[in-house]
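Trainee: Got a predicted model here, sequence first, then my questions.
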Number of protein chains: 4
Amino acid sequence: MSQEVNKRRLRAGIVGGGAGAFIGAVHRIACELDGQALVVAGAMSSDAKRARESADAWYLDRSYDSFQKMAEEEAGHPQGIDFVIIATPNNLHFPVAKAFLEAGIHVVCDKPMTFNVEEALELVRIVEKSGLIFALTHPYNGYPAVQQAKTMVANGELGDIRKVQVEYSQDWLLEPVAKTSLKQAEWRTDPARAGASCCVGDIGTHGENLLEHITGLKIESLCADLTSFEPGRKLDDDASMLLRLQKGAKGYLTCSQIACGEENNLNIRVYGTKSAIEWHQQNPNYLTIKPHGKPWETWGRGSGYMGDPAKAITRTPHGHPEGYLEAFATLYKLIIADVRRVKSGQSRQGGYPTARDGLRGMQFVVKAVESSTLGSVWVDMP
Amino acid sequence: MSQEVNKRRLRAGIVGGGAGAFIGAVHRIACELDGQALVVAGAMSSDAKRARESADAWYLDRSYDSFQKMAEEEAGHPQGIDFVIIATPNNLHFPVAKAFLEAGIHVVCDKPMTFNVEEALELVRIVEKSGLIFALTHPYNGYPAVQQAKTMVANGELGDIRKVQVEYSQDWLLEPVAKTSLKQAEWRTDPARAGASCCVGDIGTHGENLLEHITGLKIESLCADLTSFEPGRKLDDDASMLLRLQKGAKGYLTCSQIACGEENNLNIRVYGTKSAIEWHQQNPNYLTIKPHGKPWETWGRGSGYMGDPAKAITRTPHGHPEGYLEAFATLYKLIIADVRRVKSGQSRQGGYPTARDGLRGMQFVVKAVESSTLGSVWVDMP
Amino acid sequence: MSQEVNKRRLRAGIVGGGAGAFIGAVHRIACELDGQALVVAGAMSSDAKRARESADAWYLDRSYDSFQKMAEEEAGHPQGIDFVIIATPNNLHFPVAKAFLEAGIHVVCDKPMTFNVEEALELVRIVEKSGLIFALTHPYNGYPAVQQAKTMVANGELGDIRKVQVEYSQDWLLEPVAKTSLKQAEWRTDPARAGASCCVGDIGTHGENLLEHITGLKIESLCADLTSFEPGRKLDDDASMLLRLQKGAKGYLTCSQIACGEENNLNIRVYGTKSAIEWHQQNPNYLTIKPHGKPWETWGRGSGYMGDPAKAITRTPHGHPEGYLEAFATLYKLIIADVRRVKSGQSRQGGYPTARDGLRGMQFVVKAVESSTLGSVWVDMP
Amino acid sequence: MSQEVNKRRLRAGIVGGGAGAFIGAVHRIACELDGQALVVAGAMSSDAKRARESADAWYLDRSYDSFQKMAEEEAGHPQGIDFVIIATPNNLHFPVAKAFLEAGIHVVCDKPMTFNVEEALELVRIVEKSGLIFALTHPYNGYPAVQQAKTMVANGELGDIRKVQVEYSQDWLLEPVAKTSLKQAEWRTDPARAGASCCVGDIGTHGENLLEHITGLKIESLCADLTSFEPGRKLDDDASMLLRLQKGAKGYLTCSQIACGEENNLNIRVYGTKSAIEWHQQNPNYLTIKPHGKPWETWGRGSGYMGDPAKAITRTPHGHPEGYLEAFATLYKLIIADVRRVKSGQSRQGGYPTARDGLRGMQFVVKAVESSTLGSVWVDMP
């Protein structure tokens, strides 16, 4: 294989993410931020005119009005894309991913991975057969403070983990969708496009992924109470659940999209026998450590005392805050490095969520819905 | 009846709270802080010498080595106490309260109210038959910011309440009792003196009381997971529970005494359809309000814009913080005012927890234990 | 001398502090909080009726309508007061203190100590000749976190001190006095009763005292810019000043009573070559430490790792906050202990501000006014 | 003129910023973040090999080892750069800017603008004669919360401004340069490359710019105390100064590079007669408002209630924080939009600092040094 790929920015394509879709611009910025890739092609809308206009606004070289056509043509193009970004509603994740993987193109996909568990299982099979990279964007893993937390847990600095508390609260579904101008409010609350859950699927999965990512412990069983507070809404807009984790740890996870006044209040606390950690996504550059019998500590991103894994994904010195886009870009940085490796015949290094993580997220959604539907009883995770 | 009682400081007695018991000094300071009462008599220990020394250290006029004798003698003393404070381990609350009520003396009792529900039911009967005041010290209700929260909910400023999140985390039972010098650690973890629960009984009840106090909503059912993390411990040191409240509200309550690094991290959030409130006991002078579609607000205790009920229990201007002792003293302020009223033939005004609240707390403990014992299933509150 | 004084609560008297005066109640609560003294006599107003009513409201044993008479009679009373509290406007501090000292009664005086430097010098002379205790209430020194800061500096944990930043901002003089109902606003802005300065005298002195108390460094020279922002006001309502301290340290002090929205925003930061400390009076239970090259630390009042001097003045466990009244009470605790010692023939232990500190505060005010009047030039402190 | 420029990403060049220079990567990311420009050419080092390697690492199309040659060749290249970024030490800003302006190329320059005031005056002349854009990167102006503050002041929501407090504290020069591995520590403390000041020039100017940017008030006079705490250092590493502003406002500015434990603690408070604002760069997504007699408010970037100017420079929804790179990118967004306008014959819209702002910054540095040298006396700003 060729080293040519290491002498240029990679070329990316995008499906979805057209004008008005917040997440499309986030993917483009994150993908390009470190100067390692450029988005050059897109099928940004199923409406041809809107696709063209969206592509022009981003100065793309090539615009398509069908993802199938895009997969086919890019695969054969001499300057074809190295990987594709999927930023569509949930129900399209599977067919788009399948099309590009079958065309031999690496895939970066927004979460949750698929519409249902069946698709997720099938996608894992396709990915693993393909030998291609499939990465899922849980961007919160990209924050250096989260990486530091994970490192500390792995190093045993917390001792045995006993209790975990995870929350993700928003309020953007506080009112009926008809009253909001948010594009995604419509499909997120529609079972035909969002799947079995709104709130757990959209943000509960971020909490589940963050929890397992930092602690290295799997959720073994859960007891969930999902609610649809807004009259007429077909999917949950709030959930709380008790958790039992590996090694006897316990905890809870709560998520809400009707928590009046909350922005993106994602936070996690992990209590061990020796120390505890606390992190708040809304002020993400700091990690609080609470060692037993000692003063609390505030660890600042970018500081010299941070661990090497956190330093490796840090761009600006301490005190010059990084934000959500930088965390998102860190995932891309790791993914792009692996695309370069695979394309030049090296082995992957990982560090980003994969199809197996996406499957686990889908199983988590299904089990939470199942628990709640049966009367908020305990159910086991696979 | 006489107005004489209004022309002097009231006289209080105390049972328990001898040297080394943190809570005894708290009761004395709180009782005397507003200059409306003095502790003058005590049965501060069942050990006569220790009782005497404790009484001397406080310059008490009269010391007893038996609460029965104290009740009897004070009832007949011309300068006898107006009310008694009970600051003993849980298992003595009931007999002491009974003795003083039967001697015609008003009672202020630490929580939880009794050793078990049976005693609680009996105590309610005795209190209501006596016509005397029985007050239970849930001191957090005495913070002006908590009062402001309660007022706002009652005024409908939050709209309909949808979700409530309550937490009370400490770490003082993180290690085996044998390793700590804390006097109360021993009896709190002993079923024979603490009752059916350690953590839920000691601090979970504070959370339950605060939740119902602020929201005015009763817990209708709960699903609790109690754990004893420390090997060999006979009672729970941690619990998380899902809650269903009146009017369709939901939420959770978590409490822990093994949450490494936590001090007395009691906090509550209440989300309504119009606004939300958030309060943290460790920085108790401020109340955060999150109105829908508007900036967050921080309301400062002692400010001119606070509601009248909060102002009525405020001592220092804004920016000169009040703390735990002042909140505790506010309960005493309200109780003493009622003792004066009853003694001078007026009707009570209340504002502090009563025997019925104490009974509810005991039922909450029993139901949480029952839920957990049955496999963390849903159980209804009475 | 007799040990009798150690077997009872001490008896205190108060001059000033009648109904409506915030600071009177603060002194009474602080004096009595630890159960070591009771206020039993007072000359609470120069208006006889108001004095009587104020005394009755506090259940005092004896009320006077003249401080001279009170000094004389209490000195000869078999149950006479052990010390007097002075809580009058500034211009009365000196004559009242003089009267009681000459009657052989210990004195606790509010700050600033006197009306002008001449009185301060004379008072120091009187105090030192009398052999009696004269204590000045700078209450912020009584916070355990401040004590911890002082201990750390003294232990060399900060290295050499280079820079100090002190601020005390309020907004209660934001509007003309005529628009406020605050009793003290009237005399504080009146040169005939407040002296040469309003803002620097009232709160700048707290900053100066706190700075020198914590750092152990004296201010050697200053360059101050005092302003009276409110039209028609005769005294300063805002000041900023550059400071040069002993051992080459530098810094600034700013104080304001027209800083819109500020409550009692007193805070201090001290930067050394090895570490830094930061403390905020409005959340006073925590001290932030910023050691070079290490994570920030938050030290919680009441924690086991705190130094012995801070522990010695701590009442409640960590996480149950103490506030302004407790800090104020700590001064009284130390003062009362010394009154007991002097009365029983022992030597003093100190720990509270004295007449010499009061003199220094007065000199600070005079020098700040002098600097500003001369065009904000540098002037040396005595 | 042609509209061609609006149909493509602009092409940028960079001088300086080679490997190891933090600020080079910041400029590249900020310039490219919104997808409106790409860095394609560079003279990244005066060492030819290092220049080439730096350019390769960024996949640049063209690398130069001389800025003069780069200016000349790019001016004549059919795909030549639209603007140049200057990221060299201070002493090179002027000659590089002059070379590109004379070659007809727009300039974006790091601050402080020049080595001394004489160069600054000359540069203003050259810029204004050229008709080209010259933009200075004070990135903090690019934070939406800063924009919101500026809007509120301009709308009169604060009333008349009375007091301004500005601070910028760091600790990266706490130790001798020899002990640090930071590349810029060497030239920042060298008078031959940094100019008359280290600390005031490097970060004091950010404070001055931010203060005048938000308040719209010019500094009229100042009294500064500059210190070089580290033995042997030739330039200041700390400064505090009293300020007098237009319309009778007063305040102070402090900056330090030896403030132990501080990261990039830039913060500003502005007190008016009706309200106050407070902003902290280290948690930059929130702006605190303190309206007179009302609760404090926390305004969150990205919220619907923010003003239009702040919304216009917002990329992610509230609760998904933006950081330093986004603020920096906002300057580039505004600059690039103006480059497009000028190139297509439209008039500029501005919104970023210009050569006149750069001149003012240089004058501020000179006056602060002059004041301090003369004994910390008052000097007038031009």
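Mentor: Perfect, I can see it now.
Trainee: Give me the distance between the nearest residue to residue A:208 once chain neighbours are set aside and chain C.
Mentor: Using C-beta to C-beta, 6 or more residues apart in numbering or on different chains and skipping the chain neighbours, the partner closest in space to residue A:208 is residue A:364 (4.7 Å). Backbone N, C-alpha and C define where each C-beta goes, glycine included. Distance, residue A:364 to chain C, by C-beta to the nearest C-beta, to the nearest Å: 33 Å.
Trainee: what's the spacing between residue A:364 and residue A:303?
Mentor: Distance, residue A:364 to residue A:303, by C-beta to C-beta, to the nearest Å: 34 Å.
Trainee: ok, these two, which is more surrounded?
Mentor: Set side by side, residue A:364 and residue A:303 show more neighbours around residue A:364, with 27 against 22, by other C-beta atoms under 10 Å in any protein chain shown.
Trainee: Contact partners for that one?
Mentor: A:200, A:204, A:205, A:208, A:219, A:381 (C-beta atoms under 8 Å, 6 or more residues apart in numbering or on different chains).
Trainee: Quick check: the fourth one touching residue A:252?
Mentor: Spelled out, that is residue A:208. No: counting by C-beta atoms under 8 Å, residue A:252 is not a contact partner of residue A:208; they are 12.0 Å apart.
Trainee: Let me see the mean pLDDT of the helix or strand harbouring residue A:288.
Mentor: Here residue A:288 sits within strand A:286-289, counting by DSSP states H and E. Mean pLDDT, computed over strand A:286-289, is 98.
Trainee: Mind checking which of residue A:208 and residue A:252 has more residues around it?
Mentor: Between residue A:208 and residue A:252, residue A:208 has the larger neighbour count (other C-beta under 10 Å), namely 28 against 24.
Trainee: Next, please give the residue ranges for the strands of the stretch 101-250 of chain A.
Mentor: Ranges of strands in the stretch 101-250 of chain A, per DSSP state E, counting those that start in this stretch, are A:106-109, A:134-136, A:161-169, A:219-227, A:238-245, A:250-256.
Trainee: right, and those - which one's nearest residue C:21?
Mentor: Proximity to residue C:21 (C-beta to C-beta) singles out strand A:161-169 among those, at 45.7 Å.
Trainee: how far is the closest one from where the chain is centred?
Mentor: Its chain's C-alpha centre and that of strand A:161-169 lie 18 Å apart, by C-alpha atoms, centre = their mean, to the nearest Å.
Trainee: nearest residue to residue A:350 other than its sequence neighbours?
Mentor: residue A:338 (6.9 Å).
Trainee: OK, contacts around that neighbour?
Mentor: Residues near residue A:338 by C-beta under 8 Å, 6+ apart: A:133, A:135, A:348, A:349, A:350, A:352.
Trainee: Greatest separation within those: which pair is it?
Mentor: The two members of these with the most space between them (C-beta to C-beta) are A:135 and A:349, at 12.3 Å.
Trainee: neighbour-wise, which of the two wins?
Mentor: Using other C-beta under 10 Å, the more surrounded residue of residue A:135 and residue A:349 is residue A:135, with 26 against 10.
Trainee: That one contacts residue A:335, doesn't it?
Mentor: Yes: between residue A:135 and residue A:335 a contact is recorded at 4.6 Å, counting by C-beta under 8 Å.
Trainee: tell me, what's touching these two both at once?
Mentor: Shared contacts of residue A:135 and residue A:335, defined by C-beta under 8 Å, 6+ apart, comprise A:108, A:352.
Trainee: circling back: please give the element, helix or strand, for the residue nearest to residue A:350.
Mentor: Per DSSP H and E: helix A:324-343 holds residue A:338.
Trainee: CA atoms of that helix as PDB?
Mentor: Taking Å, rounded to 0.1, in the frame of the first residue of the first chain, the C-alpha atoms of helix A:324-343 are listed here in PDB:
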ATOM      1  CA  TYR A 324     -17.500  20.900  22.400                       C
ATOM      2  CA  LEU A 325     -16.100  21.300  18.900                       C
ATOM      3  CA  GLU A 326     -12.600  20.500  20.100                       C
ATOM      4  CA  ALA A 327     -13.800  17.400  21.900                       C
ATOM      5  CA  PHE A 328     -15.700  16.300  18.700                       C
ATOM      6  CA  ALA A 329     -12.500  17.100  16.700                       C
ATOM      7  CA  THR A 330     -10.500  14.800  18.900                       C
ATOM      8  CA  LEU A 331     -12.600  11.900  17.900                       C
ATOM      9  CA  TYR A 332     -12.000  12.800  14.200                       C
ATOM     10  CA  LYS A 333      -8.300  13.200  15.000                       C
ATOM     11  CA  LEU A 334      -8.100   9.600  16.200                       C
ATOM     12  CA  ILE A 335     -10.300   8.300  13.500                       C
ATOM     13  CA  ILE A 336      -8.400  10.100  10.700                       C
ATOM     14  CA  ALA A 337      -5.100   8.700  12.100                       C
ATOM     15  CA  ASP A 338      -6.600   5.200  11.900                       C
ATOM     16  CA  VAL A 339      -7.800   5.800   8.300                       C
ATOM     17  CA  ARG A 340      -4.300   6.800   7.400                       C
ATOM     18  CA  ARG A 341      -2.900   3.700   9.200                       C
ATOM     19  CA  VAL A 342      -5.300   1.300   7.500                       C
ATOM     20  CA  LYS A 343      -4.700   3.000   4.100                       C
END
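Trainee: Give me the angle between it and helix D:324-343.
Mentor: For helix A:324-343 against helix D:324-343, the angle between stretch directions is 90 degrees (axes from the mean of the first three to the mean of the last three C-alpha atoms, to 10 degrees).
Trainee: Give the rounded mean pLDDT of helix A:324-343.
Mentor: The average pLDDT for helix A:324-343 rounds to 98.
Trainee: thinking again about what came up before, could I get the contacts of residue A:338 as TSV with distance to residue B:360?
Mentor: Shown next, in TSV, are these (distance: C-beta to C-beta, whole Å):
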residue	distance to residue B:360
A:133	57
A:135	52
A:348	58
A:349	57
A:350	53
A:352	50
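Trainee: check whether the helix or strand of chain A with the lowest mean pLDDT contacts chain D.
Mentor: Lowest by mean pLDDT, DSSP states H and E among the helices and strands of chain A is helix A:183-188, with a mean of 74. No: contact of helix A:183-188 with chain D (C-beta under 8 Å from any C-beta of the partner chain) is absent, the minimum separation being 10.5 Å.
Trainee: do stretch A:82-90 as well
Mentor: No: under the criterion of C-beta under 8 Å from any C-beta, chain D is not reached by stretch A:82-90; the shortest gap measures 13.8 Å.
Trainee: how far is that stretch from where the chain is centred?
Mentor: With C-alpha atoms, centre = their mean, you get 12 Å for stretch A:82-90.
Trainee: Repeat that for stretch A:240-252.
Mentor: With C-alpha atoms, centre = their mean, you get 22 Å for stretch A:240-252.
Trainee: quick one: contacts of that stretch?
Mentor: So stretch A:240-252 is in contact with A:160-166, A:211, A:215, A:217-225, A:253-254, A:368, A:371, B:223, B:225, B:227, B:229, B:238, B:240-242, B:250-252, B:254, B:376, going by C-beta under 8 Å, 6+ apart.
Trainee: Show the end-to-end separation of it, please.
Mentor: Taking C-alpha to C-alpha, to the nearest Å as the measure, stretch A:240-252 stretches 7 Å from start to finish.
Trainee: Buried ones in it, by neighbour count?
Mentor: By neighbour count on 16 or more other C-beta atoms under 10 Å in any protein chain shown, the buried set for stretch A:240-252 is A:240, A:241, A:242, A:243, A:244, A:245, A:249, A:250, A:251, A:252.
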